[in-house]
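> I would like the atomic coordinates for the input below:
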Amino acid sequence: MSMSQTSPEGGRVVVITGAGQGLGRAYALMFGARNQVVVAMDLNEVAVNAVASEIRAAGGECLSLVVDVGNADAVEDAARRIEKQYGRADILVNNAAIFSTIQMRPFEEIPLDEWSRVLHVNVTGPFLMARSIAPLMRRKKWGRIINVSSAAALMGRANYLHYTTSKAAVIGMTRSMARELGPDGITVNAVLPGATDTEIPRQTVTPAQKQAQIAMRCIQREANVDDLTGTVAFLASDESRFISGQSFVVDGGLVFL
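You can find the predicted model right below:
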């Protein structure tokens, strides 16, 4: 069924990168529960297939694709697969990023290959995904692109220079992309999560560091994935139709934009 700007929100095709774990998994399950068609992408085949199985077991529809978002050919192949299967893509959540495996270290000690890999996945990845998916949105004159940045970019987080640089770049990308895609009825916004408790282990953050961050929040508790899904759902909805190029910090009030 063709979806126009006034059509029911159920049944839209939602493409989510990094959907195999963490926040990406939470977004995928949330959209699946809201009767959206989920296209779950991840580099980890076992993880992304498990998410797809969860969505299907709950009565939802999910296509799982193993994709390296930094590989232009792989991304274009995925877009063709989506077009062939559904003929459309309505919502793109650019969530995939390198973070949990990064070791904290002074910027002078970051190996060049690690710097390049982080920027390639975290910046070039969203660019490639948007470049391949936006044409499917333009056909319907409706679309939502949600780029996942990080509150770390506003904090100027020390010892994560490549990560904070990549996430600051995503904010700039969001603003320029919003200008270019607005005439086609496509909104582009960024979500900036703070430190969030997921199943992904992070060896570089100590319990003391975590508690120090929590103490500085307006809402002084640990963040979980459910604290992010509502913002993403709103930005993907019709209700956000007049919001574009904006950055939404979801960190319990630690940093202000």
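
> And for residue 51, the neighbour number?
The burial count assigned to residue 51 is 26, neighbours taken as other CB atoms under 10 Å. All C-beta atoms are positioned from the backbone trio N, CA, C, and that covers glycine.

> State the helix or strand in which it lies.
helix 45-57 (DSSP states H and E).

> pull the CA atoms of that helix into PDB?
Output of helix 45-57 as PDB, limited to C-alpha atoms (Å, rounded to 0.1, in the frame of the first residue of the first chain):
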ATOM      1  CA  GLU A  45      25.200 -12.000  11.200                       C
ATOM      2  CA  VAL A  46      24.400 -14.000  14.300                       C
ATOM      3  CA  ALA A  47      23.300 -10.900  16.300                       C
ATOM      4  CA  VAL A  48      21.200  -9.300  13.500                       C
ATOM      5  CA  ASN A  49      19.500 -12.600  12.700                       C
ATOM      6  CA  ALA A  50      18.600 -13.000  16.400                       C
ATOM      7  CA  VAL A  51      17.000  -9.500  16.500                       C
ATOM      8  CA  ALA A  52      15.000 -10.400  13.400                       C
ATOM      9  CA  SER A  53      13.800 -13.600  15.000                       C
ATOM     10  CA  GLU A  54      12.700 -11.700  18.100                       C
ATOM     11  CA  ILE A  55      10.700  -9.300  16.000                       C
ATOM     12  CA  ARG A  56       9.100 -12.100  14.000                       C
ATOM     13  CA  ALA A  57       8.300 -14.100  17.100                       C
END
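
> Output the contacting helices and strands for that helix.
helix 22-33, strand 37-42, strand 61-66 (3 or more CB pairs under 8 Å, 6 or more residues apart in numbering; DSSP states H and E).

> what does the helix or strand just after the last one contact?
If I follow you right, that is strand 61-66. Proceeding N to C from strand 61-66, the next assigned helix or strand is helix 72-86, under DSSP H and E. With CB atoms under 8 Å, 6 or more residues apart in numbering as the test, helix 72-86 has contacts from 13, 15, 37, 39, 41, 63, 65, 67-69, 89, 128-129, 131-133, 136.

> returning to that earlier point: wait, which of the helices and strands packed on helix 45-57 is closest to residue 250?
In terms of CB to CB, the element of the helices and strands packed on helix 45-57 nearest to residue 250 is helix 22-33, at 10.2 Å.

> could I get the closest one in PDB with only the CA atoms?
Backbone C-alpha positions of helix 22-33 (Å, rounded to 0.1, in the frame of the first residue of the first chain) are rendered in PDB as follows:
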ATOM      1  CA  GLY A  22      22.700  -2.100  22.100                       C
ATOM      2  CA  LEU A  23      20.600   0.900  21.100                       C
ATOM      3  CA  GLY A  24      20.200  -0.300  17.600                       C
ATOM      4  CA  ARG A  25      18.600  -3.500  18.800                       C
ATOM      5  CA  ALA A  26      16.300  -1.500  21.000                       C
ATOM      6  CA  TYR A  27      15.300   0.700  18.100                       C
ATOM      7  CA  ALA A  28      14.600  -2.300  15.900                       C
ATOM      8  CA  LEU A  29      12.400  -4.000  18.600                       C
ATOM      9  CA  MET A  30      10.600  -0.800  19.200                       C
ATOM     10  CA  PHE A  31       9.700  -0.200  15.600                       C
ATOM     11  CA  GLY A  32       8.700  -3.900  15.200                       C
ATOM     12  CA  ALA A  33       6.300  -3.600  18.100                       C
END
